[in-house]
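# just need the structure, nothing else, for what follows:
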Amino acid sequence: MPDNRILLGQIAGAFGVHGDVRLKSFCAAPEAIVDYTPLTREDGTEVATIVLTGQAKGALVVRMDGVATKEQADALRGVGLYAPRDRLPQLGDDEFYHADLIGLEVVDTGGAVLGRIKAVQNNGADDLLEVHGPGLKTSALVPFTRAVVPTVDLSAGRVIVDPPGGLFD
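Next up, the predicted model:
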C-alpha cells in the first residue's frame, strides 16, 4: 500500500449467511468508517459502499460491495480497509495516527536506544506501544501515556520514553 493511506478497519469475517461482514473499525467513533467511503482493500480493490446494518461483539455488521455470500465474507477475514490520508481530519496537538507512530525509534530519557515501535495496540483503557529492539526476548508493551511517553517527535522520527522499572530489562 502507498504510504499515504491509513488503515481504518479490518474485516473480521462473516456475520450470518447472507454476505454481511463483521468489521472492526479503528475510527474514534466506529460508525464513522462509512463516512470515508470509498475505501481500498489491501489488494487495491475499491469498496465504494459500506452500509451499517448492526453491531456484533466488538465489531460493526456491514454490507459491502462485492460480498453476497458467507463464503465471500469469510474469504476476506483479516483484510484491511484503507482511506487516503488527505481525506482524514487534521489531528490536534498530542494526537497521532497509529500509522505515524509505527517504525519510530524509541529512546529513553538519557538518549539510549531501546528499539522501534512495531505496532500500536489497545487494551481497552489506553493504547500500548509495542516496542521491539535489540536485547529484548519479546516485545515490550509501553503504556502510551504522557507520564511514560513525554515526547513524540515525528519530524525526528523518535519517541522518548520514561519506562517503568523493569520494562526493558
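# SS state for the residue of the chain most remote from its centre?
Among residues of the chain, the one most distant from the C-alpha centroid is residue 110; the distance is 29.3 Å, by Cα atoms, centre = their mean. Assigned with DSSP: H, G, I helix; E, B strand; the rest coil, residue 110 falls in the coil class.
# okay, it and residue 140: tell me how far apart.
Residue 110 is 17 Å from residue 140, where distance means Cβ to Cβ, to the nearest Å. The way it works is simple: take the backbone N, C-alpha and C, and place the C-beta from them, glycine included.
# where are the low-confidence patches of the protein?
Scanning the chain for pLDDT under 70 picks out 1-3, 124.
# for it, which segments count as helices?
Under the criterion DSSP state H, the chain contains helices at 70-75, 98-101.
# please name every helix or strand in contact with the longest one.
Read that as helix 70-75. Applying 3 or more Cβ pairs under 8 Å, 6 or more residues apart in numbering; DSSP states H and E, one finds that helix 70-75 contacts strand 5-14.
# strands paired with the strand it packs on, and their directions?
With DSSP bridges as the test, strand 5-14 is paired with strand 21-25 (antiparallel), strand 80-84 (antiparallel).
# contacts for that strand, please.
20-27, 33, 36, 39-40, 59, 70-71, 73-74, 76-85, 88, 97-99 (Cβ atoms under 8 Å, 6 or more residues apart in numbering).
# and these, which are buried?
Buried residues within the contacts of strand 5-14, counting neighbours by 16 or more other Cβ atoms under 10 Å: 20-23, 25-27, 33, 36, 39-40, 59, 70, 73, 76, 79-83, 98-99.
# got the contact list for residue 132?
115, 116, 118, 139, 140.
# end-to-end on stretch 82-100?
Length of stretch 82-100, first residue to last, Cα to Cα, to the nearest Å: 14 Å.
# now do the strands in the protein.
5-14, 21-25, 39-41, 46-47, 50-56, 59-64, 80-84, 105-108, 113-122, 127-132, 140-143, 151-153, 158-161 (DSSP state E).
# would you mind writing the CA trace of the last one as CSV?
Right, strand 158-161. Coordinates of each C-alpha in strand 158-161 appear next as CSV, following Å, rounded to 0.1, in the frame of the first residue of the first chain:
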residue,chain,number,x,y,z
ARG,A,158,11.5,9.1,17.5
VAL,A,159,9.7,9.0,20.8
ILE,A,160,11.2,9.5,24.2
VAL,A,161,10.0,7.2,27.0
